[in-house]
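**Student:** After the sequence you'll find the predicted model.
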Amino acid sequence: MTRFYAATGDGIARLDEAGGAWDVELSLTGSGAQCLALDPADPDTVYAGLREGGVRRTTDGGRSWIDCALPVPGVFSLAVSAADGAVYAGTEPSALYRSDDRGETWREL
């Protein structure tokens with residue numbers, strides 16, 4: 001099976017391909033999702049950056065999402081380090097935050 005995720009500017013789309021057919025599921029509709037990052041160690045863990053809602057995390061492939069309590073709401077870039085699993089969030093106003101515990105706590109760099 002092949003899986004893709006896309007931030008649409010309004011939400012997150014998950015596309016799954018199996019047997020030549022594609023299934024699309026939308027989540028976080030209306031959230032202003034601007035970016036996303038997949039955890040390289042776990043294909044079901046995805047982080048979404050929201051225009052005015054901080055960072056959300058799913059551990060079940062997008063079926064449910066939790067708020068990661070980033071102290072700044074405007075997130076426009078995300079990355080997950082393959083080396084150590086750290087999550088990085090680029091925000092507006094311009095700042096860079098890092099989480100070493102999957103988005104439970106954040107520190108500004």
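**Tutor:** Looks like it came in fine.
**Student:** mean confidence for stretch 78-93?
**Tutor:** Stretch 78-93 comes out with an average pLDDT of 96.
**Student:** Which positions in it come out as buried?
**Tutor:** For stretch 78-93, the neighbour count (16 or more other Cβ atoms under 10 Å) marks 78, 79, 80, 85, 87, 88, 89, 90, 91 as buried. Where you see a C-beta, it was placed from the backbone N, CA and C, and this is true even at glycine.
**Student:** Excluding covalently adjacent residues, which one is nearest to the first one?
**Tutor:** In space, not counting the residues next to it along the chain, residue 78 is nearest to residue 37; the distance is 3.9 Å by Cβ to Cβ, 6 or more residues apart in numbering.
**Student:** Helix or strand: which one has residue 15?
**Tutor:** Residue 15 is part of strand 12-18, with elements assigned from DSSP states H and E.
**Student:** Return the distance of that strand from the chain's centre.
**Tutor:** Here strand 12-18 is found 15 Å from its chain centre; the criterion is Cα atoms, centre = their mean, to the nearest Å.
**Student:** Stretch 29-36 too?
**Tutor:** Put simply, stretch 29-36 sits 9 Å off its chain's centre (Cα atoms, centre = their mean).
**Student:** what do you get for stretch 92-109?
**Tutor:** 13 Å.
**Student:** Dump that stretch to CSV, keeping only the CA atoms.
**Tutor:** C-alpha atoms of stretch 92-109 as CSV (Å, rounded to 0.1, in the frame of the first residue of the first chain):
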residue,chain,number,x,y,z
GLU,A,92,5.2,33.7,12.5
PRO,A,93,6.3,36.0,14.1
SER,A,94,9.6,34.5,13.0
ALA,A,95,10.9,32.0,15.5
LEU,A,96,12.0,28.4,15.6
TYR,A,97,10.9,26.0,18.3
ARG,A,98,12.1,22.5,19.1
SER,A,99,10.4,19.6,20.9
ASP,A,100,12.3,16.6,22.1
ASP,A,101,9.2,14.7,23.4
ARG,A,102,6.9,14.5,20.4
GLY,A,103,5.4,17.9,20.9
GLU,A,104,4.6,17.7,24.6
THR,A,105,6.9,20.6,25.5
TRP,A,106,8.7,23.2,23.3
ARG,A,107,11.7,25.5,23.7
GLU,A,108,12.5,28.5,21.5
LEU,A,109,15.9,28.3,19.7
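**Student:** Having no further points to raise, I will conclude here.
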